[in-house]
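Visitor: Pasting the sequence and the predicted model now:
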Amino acid sequence: MNQRNSTRHWKIQGWDSFTKLFEHRIKVGQITQNKMEDLLRTLTAKIALNEEEIICSYSKKGTKIHHDYLIVQYLEGNKYTLSCGTNPYVIAVVEDE
C-alpha cells in the first residue's frame, strides 16, 4: 500500500431520502474498485430490494424480467464517487483522513 492510499478511506453511507441509515469507513488499500462496486450492490439489495427484485436485477439483460435496480454509477465522471440504487440508496466516496 502506498503512502497516499494509507491516508485515504472510502466513506460508505446508506440513505433513505434524507435519513442516514448507516455509515462505515474502509481504507482505500483494503478493497479493490470492483469489490467496492459489488459491496454497493449488496448493501443496496439488503436495504432496498425484495427477493424478486434482486433476482430480476441479476437476470440476463434484454429479458422480460430484467430490471436495472443494482446499477453502480460513477458520479460526475469521478471513479472515487459511486452510487447504487434510487431510494433507499448507497453511496461511497474517497476522502482524506
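Guide: Received, thanks.
Visitor: burial of G14, as a residue count?
Guide: For G14, the count of nearby residues is 22 (other CB atoms under 10 Å). Using the backbone N, CA and C atoms, a C-beta is placed for each residue, glycine as well.
Visitor: Pretty sure it sits in a helix.
Guide: No - using DSSP: H, G, I helix; E, B strand; the rest coil, the assignment for G14 is strand, not a helix.
Visitor: so who does it touch?
Guide: Going by CB atoms under 8 Å, 6 or more residues apart in numbering, G14 touches K20, L21, F22, E23, L43, I47, P88, Y89, V90.
Visitor: could those go into JSON lines alongside secondary structure?
Guide: Shown next, in JSON lines, are these (three-state DSSP):
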{"residue": "K20", "secondary structure": "strand"}
{"residue": "L21", "secondary structure": "strand"}
{"residue": "F22", "secondary structure": "strand"}
{"residue": "E23", "secondary structure": "strand"}
{"residue": "L43", "secondary structure": "helix"}
{"residue": "I47", "secondary structure": "helix"}
{"residue": "P88", "secondary structure": "coil"}
{"residue": "Y89", "secondary structure": "strand"}
{"residue": "V90", "secondary structure": "strand"}
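Visitor: between these, which is closest to T32?
Guide: L43 (16.2 Å; CB to CB).
Visitor: residues in contact with the residue most central in space within the chain?
Guide: Nearest residue to the geometric centre of the chain (CA atoms, centre = their mean): L40, 2.4 Å. By CB under 8 Å, 6+ apart, L40 lies in contact with I12, V72, L82, S83, C84, V90, A92.
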